[in-house]
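Student: Turn this into a model:
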Amino acid sequence: MKDSGSIHKKVQEMCDCYTTSDPLKEMSRLKNDSDTEAAAVKWLALAALHGVNNNAKEISIHRGNDGKITVFAEYRTTELPSPGQDAGLRIFKTFREMTHIDADKGKTALALGIRDSSIELNVKIRVKEGTEKISIGFPKK
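Tutor: As a prediction, the model looks like this:
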């Protein structure tokens, strides 16, 4: 198993790097990224920043039976830009590495430092009938 601490640190560094950018705009560019590992880390950081900046209750990434990756934010029923299939699959793997959730169903808290503060995200993973879903819960402001 890879050292998940280093992935966690990379996500936090990406949060620092993209804190003043438009997360949705940056997320929409990930489909074209050939480095899926870097794209997965970047997506995690951008999702966290978007959730914090827009007072999201939850952001979910879903992989269907057909392999299609979709992303939704719960603050309103709006589909967010998909990271594409290759980066999307890597996002699922990266989340599992960071959270150490290997089962088909699990949840954990994930502390994430952003600049000079931190946030605790609630991560849930569920696999059911060939589909997989990861939800990132954000605290109330």
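
Student: I'd say P139 and S118 touch.
Tutor: No. Using C-beta atoms under 8 Å, P139 is not in contact with S118, being 10.9 Å away. C-beta here means a position set from N, CA and C on the backbone, and glycine is covered the same way.

Student: any residues in contact with both of the two?
Tutor: Here P139 and S118 share no contacting residue, scored by C-beta atoms under 8 Å, 6 or more residues apart in numbering.

Student: Spatially central residue in the chain, please.
Tutor: Centroid check for the chain by C-alpha atoms, centre = their mean gives L44 as the closest residue, at 3.5 Å.

Student: any idea how far E97 is from the nearest residue to it once chain neighbours are set aside?
Tutor: Of all residues not flanking L44 in the chain, V11 sits nearest, at 4.9 Å (C-beta to C-beta, 6 or more residues apart in numbering). Distance, V11 to E97, by C-beta to C-beta, to the nearest Å: 11 Å.

Student: Which one's more surrounded, those two?
Tutor: Using other C-beta atoms under 10 Å as the criterion, V11 and E97 rank with V11 on top: 24 against 19.

Student: What's the local residue count around Q85?
Tutor: 15.

Student: same check, this time on the one 10 residues further on
Tutor: The number of residues packed around F95, counting by other C-beta under 10 Å, is 20.

Student: returning to what we had before: for my notes, confirm the residue nearest to L44 occurs in a helix.
Tutor: Yes. Counting by DSSP: H, G, I helix; E, B strand; the rest coil, V11 is found in a helix.

Student: and G137, bridged to which residues?
Tutor: On the basis of DSSP bridges, G137 is bridged to E58, N122.

Student: I'd like the numbering to begin with 828 instead of 1 from here.
Tutor: Got it, the first residue is 828 from now on, which makes the last one we talked about G964.

Student: burial count for it?
Tutor: G964, neighbours per other C-beta under 10 Å, totals 19.
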